[in-house]
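3D model of this:
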Amino acid sequence: MTLFPDTDLTCNDFLNGRVRLWQPRSGYRAGLDPVLLAAAVPATRGHTVLELGCGAGAAILCLLARVQGVQGVGVELQAPYADLARRNAVENGESLEVIEADLNALPADLKQRQFDHVIANPPYYRAGAHSPAADKGRSVALGEETPLADWFDVAAKRLAPRGYLHMIQKADRLPDMLAGCAGRLGSVEVLPLAARTGRAAELVILRARKGGKAAFRLHAPLISHAGDRHEKDGESYTTQVSSVLRDGATICGIFDR
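This is a model prediction of the structure:
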């Protein structure tokens, strides 16, 4: 196991400094996506959350910072990132159990546990659909090695009855996501994420419930940037997205409309 030396890391603020995250300079780096994923989860005190593929811990640590009293577990394939997630949890004062394991070879004791919520930000690109990154960690994080259907299978098995899965993915993977829910999860809802008004959605957040029976719902897009084009340097987030990034606001209400 080769861990990241501090000289190869940066420490970045999330949620206006409520979460400080060590992450590699040139490997996979968290941005807006995991913060939005965490903001979509309707967790409350006493709930348990499992993140599949937690990386350095951005999504689950943002969730733990937003909702006090949540018990978190992260599963991460790559040892250096699992080590970073543990470090980030300690430095943020969060109790996060990080398990280094392959998604399809989880430890026996974890297979005996169920969670109120499972969250996941799987690799966005199908195997062979993108140019491999020079950095191995980034390449593994972006390029699919485990079929997307396996993520849904594992998530469904680890969810408690009536528990929720939240997953963020590229919009063109939505057919695969819906297929992954079939026979496993119900009450499927999809929130498209678009960069600007009038733009096609590039990403989606899918919510599904174990044992859910409600009809499929497609929500109006969440727009991340104000205006119809980039006009000046600096941030241009919409008020809603800015409140998520800066103030730890949720987007759970979008799913409840």
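
show me what the longest helix along the chain is packed up against.
In the chain, with assignment by DSSP state H, the single longest helix is helix 79-91. Under the contact criterion of 3 or more CB pairs under 8 Å, 6 or more residues apart in numbering; DSSP states H and E, helix 79-91 touches strand 19-24, helix 58-66, strand 71-76, strand 96-100, helix 136-142. C-beta: built from backbone N, CA, C; applies to glycine.

next SSE downstream of the last one?
Put plainly, it is helix 136-142. Per DSSP states H and E, helix 136-142 leads on to helix 148-158 as the next helix or strand towards the C-terminus.

buried set for that following helix?
By neighbour count, with 16 or more other CB atoms under 10 Å as the criterion, the buried positions of helix 148-158 are 148, 151-156, 158.

got CSV for those residues, with pLDDT and distance to Gln169 too?
As requested, those are exported to CSV (pLDDT from 0 to 100; distance: CB to CB, whole Å):
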residue, pLDDT, distance to Gln169
Leu148, 97, 8
Trp151, 98, 9
Phe152, 98, 11
Asp153, 97, 16
Val154, 98, 15
Ala155, 98, 13
Ala156, 98, 16
Arg158, 98, 18
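
of those residues, which pair is most distant in space?
Leu148 and Arg158 (16.1 Å; CB to CB).

low-confidence regions, the stretch 151-257 of the chain specifically.
Judged against pLDDT under 70, the low-scoring parts of the stretch 151-257 of the chain cover residues 227-234.

that one: helices as residue ranges?
Across the stretch 151-257 of the chain, reading from the start of the chain, the helices by DSSP state H, counting those that start in this stretch fall at 174-181, 239-247, 252-256.

most tightly packed of the ones you listed?
Mean neighbour count, computed with mean count of other CB atoms under 10 Å, is highest for helix 174-181 among the helices of the stretch 151-257 of the chain, reaching a mean of 18.

tell me what that helix is packed against?
Here helix 174-181 touches helix 148-158, strand 186-194, strand 203-209, going by 3+ CB pairs under 8 Å, 6+ apart.

ok, the last one: who's next to it in the sheet?
Partner strands for strand 203-209, per DSSP bridges, with pairing direction: strand 159-170 (antiparallel), strand 186-194 (antiparallel).

list the contacts of that strand.
33, 36-37, 40, 162-171, 174, 177, 181, 185-193, 255 (CB atoms under 8 Å, 6 or more residues apart in numbering).

among the residues you listed, which ones are buried?
Taking 16+ other CB under 10 Å as the criterion, what is buried in those is 33, 36-37, 40, 163-171, 174, 177, 181, 185-193, 255.

quick one: contacts for Ala250?
No Ala there; residue 250 is Thr. Counting by CB under 8 Å, 6+ apart, Thr250 makes contact with 39-40, 42, 66, 244.

next, give phi and psi for it.
Thr250 has phi and psi values of phi -100, psi 160 when expressed as degrees, to the nearest 10.

how far away is it from His47?
14 Å (CB to CB, to the nearest Å).

next: Asp109.
Taking CB to CB as the criterion, Asp109 is separated from His47 by 20 Å.

what does Gly74 give?
When distances are taken as CB to CB, Gly74 and His47 turn out to be 15 Å apart.

with Gly31 instead?
26 Å.

surely Leu110 is within a strand?
No. Secondary structure of Leu110 (DSSP: H, G, I helix; E, B strand; the rest coil): helix, not part of a strand.

could we number from 23 for the rest of this?
All right, first residue 23 from here; so that's Leu132.

chain neighbours aside, what residue packs nearest to it?
Excluding the flanking residues, the one nearest Leu132 by CB to CB, 6 or more residues apart in numbering is Ile121, at 6.2 Å.

show me what that neighbour is bridged to.
With beta bridges defined as DSSP bridges, Ile121 has these partners: Val97.
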